[in-house]
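> Got a predicted structure plus its sequence, pasted below:
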Amino acid sequence: MKLRLLKEWNGKAPGKVGVFLSEYAEQMIKDGIAELLDEDFVVEQMPQKEETKQDPVYIPIPVPMSYFNDEQEEKINKPKNK
Amino acid sequence: MATTGIINGTLMRLYKDSTAIGYATSCQMNISAAMREILTKDSASGGWREVKKGQLSGTLSTEALYAGPGDSSTNYLFDDLFTDLISGTALTIKFTTDVQGDNVFTMSAICTSLDLNAGVEENVSYSASFEVTGAIVKTTKA
């Protein structure tokens, strides 16, 4: 349960917000120490980390000139689709 | 009503007494049984190791984002754990979803380490480790 303190509690100032086990939270509300903010709340909002996408890394691989010649020939000889 | 199916890990968290350990990103509980060797010359296991259960032990750990005294939260934070580690106080810890019908693991544990990490352009975060003293009791939340 998410509560907001109405009175000082365990050295924490009124107005501070926290997550408590439900039984204990109910007692705190009954005692007037805190007010209910969200009954089903379990996890507080955490600062989100910005997702960064890494640029692809191209590593040049040395190849013989004949590699490019063969590639070109293939394109020339490729039959055209009709 | 108890949670059906696989439980979402986000909902299961560590509580000190009844206060959540704040800004946690992960929580772990480890329970282990030490083994004592009982192999003797009279054993019929053909030289294979034989063991029986020895001491039971448990540890807890959590990773969390760091917030200092200026934070507007009543949750249990790094500063509180720092005080506990220095004093060696045994804390009552519960590991639960706080959902009716789900398990509640209750134990007494001492904070044994705190690691505070501050990377450039990163959230300040910390990890805390606890050693369980005594038994870990499993109950169902009424």
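Here it is on my side, so go on.

> Determine the three-state secondary structure at the spatially most central residue of chain B.
Compute the mean C-alpha point of chain B, and by C-alpha atoms, centre = their mean the closest residue is B:L60, 2.3 Å away. Under the three-state scheme (DSSP: H, G, I helix; E, B strand; the rest coil), the conformation of B:L60 reads as strand.

> For chain A, just list every one of the strands.
Taking DSSP state E as the criterion, chain A contains strands spanning A:2-5, A:17-19, A:34-38.

> Check chain B too.
When assigned using DSSP E, the strands of chain B occupy the ranges B:13-16, B:19-20, B:24-37, B:51-65, B:90-96, B:103-117, B:125-140.

> Figure out how far the third one is from the centre of its chain.
By that I understand strand B:24-37. Relative to the chain's own centre, strand B:24-37 is displaced by 8 Å; criterion: C-alpha atoms, centre = their mean, to the nearest Å.

> Need the CA coordinates for that strand. PDB is fine.
As requested, the backbone C-alpha atoms of strand B:24-37 are provided in PDB (Å, rounded to 0.1, in the frame of the first residue of the first chain):
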ATOM      1  CA  ALA B  24      14.800  -1.800  -5.700                       C
ATOM      2  CA  THR B  25      15.400  -3.100  -9.100                       C
ATOM      3  CA  SER B  26      15.900  -6.700  -8.000                       C
ATOM      4  CA  CYS B  27      15.800  -8.800  -4.900                       C
ATOM      5  CA  GLN B  28      17.200 -12.300  -4.200                       C
ATOM      6  CA  MET B  29      16.800 -14.800  -1.500                       C
ATOM      7  CA  ASN B  30      19.200 -17.800  -1.300                       C
ATOM      8  CA  ILE B  31      18.600 -20.800   0.900                       C
ATOM      9  CA  SER B  32      21.100 -23.500   1.100                       C
ATOM     10  CA  ALA B  33      21.900 -26.700   3.000                       C
ATOM     11  CA  ALA B  34      25.500 -27.500   3.700                       C
ATOM     12  CA  MET B  35      26.400 -31.100   3.200                       C
ATOM     13  CA  ARG B  36      28.500 -33.200   5.600                       C
ATOM     14  CA  GLU B  37      30.400 -36.100   4.200                       C
END
